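*Asks:* kindly generate the corresponding structure for this input.
(chains A and B, ligands or ions: 4)
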Amino acid sequence: MTGNALDADTADSSGPHGIESHDYDVIVMGAGGAGLRAAIAAHDAGARVAVVCKSLLGKAHTVMAEGGIAASLGNLWPQDNWQVHFRDTMRGGKMLNNWRMAQLHAQEAPERVLELEEWGALFDRTDEGLISQRDFGGHRYARLAHVGDRTGLEMIRTLQQRAVHLGIDVFMECTVTELFKDGDRIAGAFAYWRETGRFLVLNAPAVVLATGGIGKSYQITSNSWEYTGDGHALALRAGATLINMEFVQFHPTGMVWPPSVRGLLVTESVRGDGGILRNSDGKRFMFDYVPEYFKAETADTEQEADGWYEDKVNNRRPPELLPRDEVARAINSEIKAGRGSPHGGVFLDIASRRSPEFIKRRLPSMYHQFKELADVDITAEPMEIGPTCHYVMGGVEVDADTGASLVEGLYAAGEVAGGMHGSNRLGGNSLSDLLVFGRRAGLNAAYYAERTKVRAPRVSDETISAAAERALAPFSATGGENPYTVQKDLQDVMQRLVGIIRTADELTESLGDLERLKARAKNLSVEGNRQYNPGWHLSIDLANMLTVSECIAKAALERRESRGGHTRDDFPGPDPYWGQLNIVLSLTDDDTIESKRQPLPVMPEELQALFEEN
Amino acid sequence: MAYDLKMRVWRGDASGGALGDYVVPVETGEVVLDAIHRLQATQAGDLAVRWNCKAGKCGSCSAEINGRPRLMCMTRLSDFAEDETVTVTPMRTFPVIRDLVTDVSYNYEKAKQVPAVSLQPPDADGKRRMMQSDVARGQEFRKCIECFLCQNVCHVIRDHEDNKKAYAGPRFFLRYAELDMHPLDTEDRRKVTQDVAGLGMCNITKCCTEVCPEGIKITDNAIIPMKERVVDRKYDPVVWLGEKIFRRGDRASRTEV
Ligand SMILES: Cc1cc2nc3c(=O)[nH]c(=O)nc-3n(C[C@H](O)[C@H](O)[C@H](O)COP(=O)(O)OP(=O)(O)OC[C@H]3O[C@@H](n4cnc5c(N)ncnc54)[C@H](O)[C@@H]3O)c2cc1C
Ligand code: SF4
Ligand code: SF4
Ligand code: FES
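*Replies:* Ligands and ions are numbered 1, 2, ... in the order given. Here you go, the predicted model:
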């Protein structure tokens, strides 16, 4: 046991191999919004639950979220309701979303936000003292509950404090490397303490994956070292399926300068609060990029666009607030056409549009970030920004209501789950997704554990020894490669060949490159010992990064159309044929990734009607 | 502009260690964490360091840089002359695990002692009403990214290992103050702040405030007002009496925990 085990006193450290082992009903992998919400729900349902996470508690990606949590509370616009939120979400995802997930999400988000308040969150207020809501891309009404531009911090702290208060066991700085199965069912997980390098076995009939995303496979990204796609890869290896992996969200506004901060996120709230995009000619170019699909609801003059912030009934939305895929592509085109900023981005200007006081109050951390890291005063000059890899829409294929994957006992929620966001996620819809589906997955995992109590799954000693051997392999290899070098080359391949704009040739080339990288990753060497050794940790994560990268490239090659977060230069438009299909990936017995096409679930008529009105 | 940065980085573990000398190619505009990452990727693959956001939002990368407690990701190399040696050592107050990584579990233990928020019921429409001006104070404290730099410099923790048992430290005084100032909370945490968290041991040196990367006025806005409230509770016999009389939400109607 290390200092990083919060409360875990169920340790039986004399397992058959001297490997520490623990018994639980539910193991939650991940301590971001989804994981913590799942753990709280499982605990409330009476399960013995443990949370495992790679960093310290409170440091997961969720802490970085800035803009807000989308929920149709209707505090500023009483016209807002779940139907409008549902419709916005589906249209933002170009109708490829799992309709049932989008529906549950829109219906339950308000309740989940109010629950955070109950647990101590202090959101910004309206003049009436209600939770304030802000504008974001693709949302018809001001809908994002927020705290300045540090909403994720508020959310994770609130959930963390709740979980600690409930006495939920947390294994911090503890990385899961494998899932165990007993026959067809989940039986637990194998992990190592980062601090000591020692192994542990977590026995449980139910595992909730809440591991977040995959962005570390790209060179320019807003994501941290944690985003190596562990949950995606583990699910695949356990026999679950992944959907929508071709859809990777490039956030339109990442920092581009200085190189050190390249990719760091600039929140969409800058545009939600009035910021606009200009090219090197000073032109507000987004008006030239409004697609047919959104023409009816997008302003076509600057005057109308500017009027919308105050009067949403008589004006349409500014084009800067189109869904992210549209804005990212537009910026990409401007840069390609030679109208970019000095450091290869475009200009994001809020200085000329809002007062310094307004900017500092609404966007304190952006102000701080630019001032400290780029010597730019955003209240006085425009920012330089460009697209950055941000979010993966794809993930584990789950049952909408329960979060159950195809593998018995395996659940997924949050960014690691697929379906909710279709081909493109709207800003603010992730934090709400974490709460709604984190809770559902946690509850259902607990119910499942209860139902199967009489037949506890078992893991054989051989399975455990084999997992330990695999994890230690990089120490015994000599003359192998440096894992950091392989990671860098992988990021280069994904950035160049599987980025925002894709072609069949480049995707095919990427698959060849990935094969070679896989071969190289089989022969890695690490220096030092097992104690807190990032080189060793990376050598284990790399296998997951490669698996997930291959999934993205394969699915991207398969989908011969452009939609949402997937743009094919050789198939520039959307295709109704593909609009009916998910690409589902699975792993065959000989470890190849196989893809098949699967029709989307059919939306009931009463929901379809919501799209016909307009 | 690229140049070679001379670095000294503490390498070692609980059993001891020493500063290692390195030369790392860096560029203008980079931060100390960039240099550490490059060092890790090219010369010292097992160099232990915590980080997540690289934007001053997660509070993972705390260390002492030329002896000053800072976030590595928010310390720009341009703060130092190009020929200056940059020395990076782990936070001093917490036991070292390895290299720049320390055992901060003390803080997580203290977090468990903070009584949870306990709000009065919502309004009839299921919502709660609080004015921006009333939540602003708590919001300042909730900006805390848990970098534990304030805990690292607080002499009560740093200089006397024995104090740790009875003393939660500035980061947690923020928590107690935040709950105490919550407009809808129903509990009175003044006694626990004094007895369990050890507020009385703080002698207002303000070292914590000076290092807070979030610029939270820990001493002026949280500790001092909290000390005043504790004093009120101790010496004001009317408080107990008042409890029965005032309306909900008032300080006096709170239940002591
Ligand atoms: C800079 C930034 C700003 C954002 N802003 C917004 C916003 O304003 N609104 C919005 O809705 N969304 C926003 N997002 C997206 C949103 O924050 C994320 O999608 C979301 O936080 C993901 O939450 P999660 O719970 O799924 O995973 P995370 O919060 O990433 O947590 C993943 C957890 O899994 C753990 N884990 C991973 N692998 C393993 C393993 N092998 N073993 C053990 N544990 C493991 C990690 O340690 C971590 O605890 C933003 C994202 C970024 C990067
Ligand atoms: S003001 Fe109090 S809490 Fe802050 S450093 Fe000084 S003694 Fe510690
Ligand atoms: S109060 Fe400031 S210094 Fe202390 S942990 Fe929080 S952010 Fe860090
Ligand atoms: S890495 Fe997050 S604060 Fe430095």
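*Asks:* stretch B:131-139: how far from the chain's middle?
*Replies:* Averaging C-alpha positions (Cα atoms, centre = their mean, to the nearest Å) puts stretch B:131-139 20 Å from its chain's average.
*Asks:* establish whether that stretch and ligand 3 are in contact.
*Replies:* No - interface with ligand 3: stretch B:131-139 contributes nothing (Cβ under 6 Å from any ligand atom), its closest point being 13.4 Å away. Just so you know, the C-beta spots here come from the backbone N, C-alpha and C atoms, and that holds for glycine as well.
*Asks:* contacting residues for residue 219?
*Replies:* Looking at chain A here, since you left the chain open. By Cβ atoms under 8 Å, 6 or more residues apart in numbering or on different chains, the contact list for A:Gln219 reads A:Gly263, A:Gln491, A:Asp492, A:Met494, A:Gln495.
*Asks:* look at chain B instead
*Replies:* By Cβ under 8 Å, 6+ apart, the residues touching B:Thr219 are B:Pro170, B:Ile204, B:Lys206, B:Cys208, B:Thr209.
*Asks:* of these, grab the buried ones for PyMOL.
*Replies:* Only the buried entries of those go into this PyMOL selection, using 16 or more other Cβ atoms under 10 Å in any protein chain shown:
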select buried, chain B and resi 170+208+209
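*Asks:* dump the contacts of B:Thr219 to a markdown table, plus distance to A:Arg198 and pLDDT.
*Replies:* As requested, these are exported to a markdown table (distance: Cβ to Cβ, whole Å; pLDDT from 0 to 100):
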| residue | distance to A:Arg198 | pLDDT |
| --- | --- | --- |
| B:Pro170 | 33 | 98 |
| B:Ile204 | 43 | 96 |
| B:Lys206 | 41 | 97 |
| B:Cys208 | 35 | 98 |
| B:Thr209 | 39 | 98 |
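*Asks:* closest one to A:Leu321 out of the contacts of B:Thr219, please.
*Replies:* Nearest to A:Leu321 out of those is B:Thr209 (Cβ to Cβ; 39.1 Å).
*Asks:* and the next helix or strand past the helix or strand of chain A at the bottom of the mean pLDDT ranking?
*Replies:* Using mean pLDDT, DSSP states H and E, strand A:5-6 stands out as the lowest-scoring helix or strand of chain A, at a mean of 67. Once the chain leaves strand A:5-6, the next helix or strand it forms, by DSSP states H and E, is strand A:20-23.
*Asks:* any idea of the mean pLDDT for that following strand?
*Replies:* For strand A:20-23, mean pLDDT is 96.
*Asks:* from the chain's centre, how far out does it sit?
*Replies:* Offset of strand A:20-23 from its chain centre (Cα atoms, centre = their mean): 30 Å.
*Asks:* with stretch A:298-308 instead?
*Replies:* The chain centroid and the centroid of stretch A:298-308 are separated by 31 Å under Cα atoms, centre = their mean.
*Asks:* can you mark which positions in that stretch are buried?
*Replies:* A:Thr298, A:Ala299, A:Glu304, A:Ala305, A:Gly307, A:Trp308.
*Asks:* mind checking which of the contacts of A:Gln219 are buried?
*Replies:* Burial by neighbour count, judged by 16+ other Cβ under 10 Å, picks out A:Gly263, A:Gln491, A:Met494, A:Gln495 from the contacts of A:Gln219.
*Asks:* and the second one, what does it touch?
*Replies:* To tie it back to what came earlier, the one meant is A:Gln491. Contacts of A:Gln491 by Cβ under 8 Å, 6+ apart are A:Lys216, A:Ser217, A:Tyr218, A:Gln219.
*Asks:* is the first one in a helix, a strand, or coil?
*Replies:* What that stands for is A:Lys216. Assigned by DSSP: H, G, I helix; E, B strand; the rest coil, the conformation of A:Lys216 is helix.
*Asks:* roughly how far apart are it and ligand 1?
*Replies:* 11 Å (Cβ to the nearest ligand atom, to the nearest Å).
*Asks:* what's the spacing between the residue nearest to that residue when sequence neighbours are not counted and A:Asp541?
*Replies:* Nearest residue to A:Lys216, sequence neighbours excluded (Cβ to Cβ, 6 or more residues apart in numbering or on different chains): A:Tyr227, at 4.4 Å. According to Cβ to Cβ, to the nearest Å, A:Tyr227 stands 10 Å off from A:Asp541.
*Asks:* what segments of the stretch 1-150 of chain B are helices?
*Replies:* Counting by DSSP state H, counting those that start in this stretch, the stretch 1-150 of chain B has these helices, from start to end: B:32-42, B:105-113, B:132-141, B:149-153.
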